[in-house]
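Asker: Sequence isn't available, so here's the structure alone:
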């Protein structure tokens, strides 16, 4: 496959010294309150015009020092752009031009990486200085940065092997893409040079690409598709060696997915159901030993996504609607989970999400200091970024 190179290009579109003002906000958007059902404080972080969402649950949004957070915003008459929030002052500033897709903040530098018009860019969070890294191959996507900040990684599909859905997708698009078995590649992008290296080809759908937070050459990804039809969770080295399945399904209709790394890079955690919709676990595989830990979860406490605190002691979940896989009758909550000695998770409800339309999945993420859980909410009518305090006032 071809290798691509792009030279550095400084772009002068940013005005990061100007704050984004919260004029013309709809009056029904609350700024701060104590949830009457839980006693936990909830704060709206995105006090800016337009629709705002936090990053996807496994995408880092925080600077290494934990003082700033990047999020996605779409203001009226504009496309998606990235904004940066100072967590202490709650001051929000623009960071990129519009037309942005995705985003991830490096773990060891104050830099955000994102896609725009078929290319991948980096922007310094404090200065706004922006550089074109590379043009991406065949509508590819580069969604993760490695532990030492030298590589990005992503996927692209080989051309000419449909289907490709642009615009509105048909209802059965997920099955159609899976059944097409369109050949896809994993690739890396050298951040310094823009050189692209294709290193793994799969006759099917690959996604959820995530670099290890500690090992610069170790990448996790999934064989995408209906979860009951795939052995989903894999790791591989960026030279194509070390391909390894982390969890193999053991019975019909068993599912595992929405995988994410522990902060120390030793364990991969995921939603496990044995079988689908019957018994629920938060499971983790130790990469060194292969040992699998399973924490039992009650049906109403099942969550679309889970996440873990930086110290590895607590988990969070974003709940789920009655029409989702658990069919939970009372599952619309943001949860805090504490592992128990008996192999279960003790759940504490943090935010009542009864008015949330779960077509917008909340996507929980701990702040680096572990004091807040950030999530997306549309319960006041417009998608916004919120945080809930882990401890009660």
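Answerer: The structure has been received and is ready for your questions. Everything numeric in this text was worked out from a predicted model, so none of it was measured.

Asker: Spatially nearest residue to residue 177 (excluding sequence neighbours)?
Answerer: Spatially, and ignoring its direct neighbours in sequence, residue 177 is nearest to residue 205 (5.8 Å; CB to CB, 6 or more residues apart in numbering). For every residue, glycine as well, the C-beta is placed using N, CA and C.

Asker: tell me, how many neighbours does that neighbour end up with?
Answerer: Other residues near residue 205 come to 21 when the count uses other CB atoms under 10 Å.

Asker: check contacts around it.
Answerer: 177, 178, 181, 182, 184, 223, 224, 225 (CB atoms under 8 Å, 6 or more residues apart in numbering).

Asker: same thing with residue 51?
Answerer: Here residue 51 is in contact with 73, 74, 382, 383, 384 (CB under 8 Å, 6+ apart).

Asker: now swap in residue 185 and tell me
Answerer: 1, 155, 156, 157, 158, 198, 199, 200, 201, 202, 206.

Asker: Tell me the bridge partners for the last one.
Answerer: Residues in a beta bridge with residue 206, per DSSP bridges, are residue 223.

Asker: so which strand or helix has the spatially most central residue of the chain?
Answerer: In the chain, the residue lying closest to the centroid (CA atoms, centre = their mean) is residue 56, at 2.6 Å. Using DSSP states H and E, residue 56 sits in no helix or strand.

Asker: Thought residue 363 was touching it, still the case?
Answerer: Yes - with contacts counted by CB atoms under 8 Å, residue 56 reaches residue 363, the gap being 5.9 Å.

Asker: and stretch 271-282, how far from the chain's centre?
Answerer: 21 Å (CA atoms, centre = their mean, to the nearest Å).

Asker: That one: which residues count as buried?
Answerer: 271, 272, 273, 274, 276, 280, 281, 282 (16 or more other CB atoms under 10 Å).

Asker: What of stretch 379-393?
Answerer: Per 16+ other CB under 10 Å, stretch 379-393 contains these buried residues: 379, 382, 383, 384, 385, 386, 387, 388, 389, 390.

Asker: Take those residues and keep only those in strands.
Answerer: 384, 385, 386, 387, 388, 389 (DSSP state E).

Asker: Pull the most distant pair out of the residues you listed.
Answerer: For these, the farthest-apart pair by CB to CB is 384 and 389; their separation is 16.9 Å.

Asker: quick revisit: nearest to residue 105, of the contacts of residue 51?
Answerer: Closest approach to residue 105 among those (CB to CB): residue 73, at 15.6 Å.

Asker: Go ahead and confirm that closest one touches residue 54.
Answerer: No - at 10.6 Å, residue 73 does not count as touching residue 54 under the criterion of CB under 8 Å.

Asker: Please name the residues that touch the closest residue to residue 117 other than its chain neighbours.
Answerer: Spatial nearest neighbour of residue 117, excluding adjacent residues (CB to CB, 6+ apart): residue 99 at 5.9 Å. Applying CB under 8 Å, 6+ apart, we find residue 99 in contact with 79, 80, 81, 116, 117.

Asker: I'd like these written out as a markdown table, with neighbour count, secondary structure and distance to residue 87 added.
Answerer: Formatted as a markdown table, the contacts of residue 99 follow (neighbours: other CB atoms under 10 Å; DSSP: H, G, I helix; E, B strand; the rest coil; distance: CB to CB, whole Å):
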| residue | neighbour count | secondary structure | distance to residue 87 |
| --- | --- | --- | --- |
| 79 | 12 | coil | 26 |
| 80 | 20 | coil | 22 |
| 81 | 20 | strand | 20 |
| 116 | 21 | strand | 25 |
| 117 | 11 | coil | 30 |
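
Asker: Could you provide these in CSV, with additional columns for pLDDT and distance to residue 314?
Answerer: Output for those, formatted as CSV (pLDDT from 0 to 100; distance: CB to CB, whole Å):
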residue, pLDDT, distance to residue 314
79, 86, 36
80, 93, 31
81, 96, 32
116, 94, 35
117, 93, 39
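
Asker: With respect to residue 262, which of those residues is nearest?
Answerer: When the contacts of residue 99 are ranked by distance to residue 262 (CB to CB), residue 80 comes first, at 29.9 Å.

Asker: Let's verify residue 300: helix, strand, or coil?
Answerer: helix (DSSP: H, G, I helix; E, B strand; the rest coil).

Asker: For it, grab the count of nearby residues.
Answerer: Residue 300 - counted by other CB under 10 Å - has 18 other residues nearby.

Asker: Can you verify my assumption that it contacts residue 329?
Answerer: Yes - the pair residue 300 and residue 329 qualifies as a contact (CB under 8 Å) at a distance of 6.6 Å.
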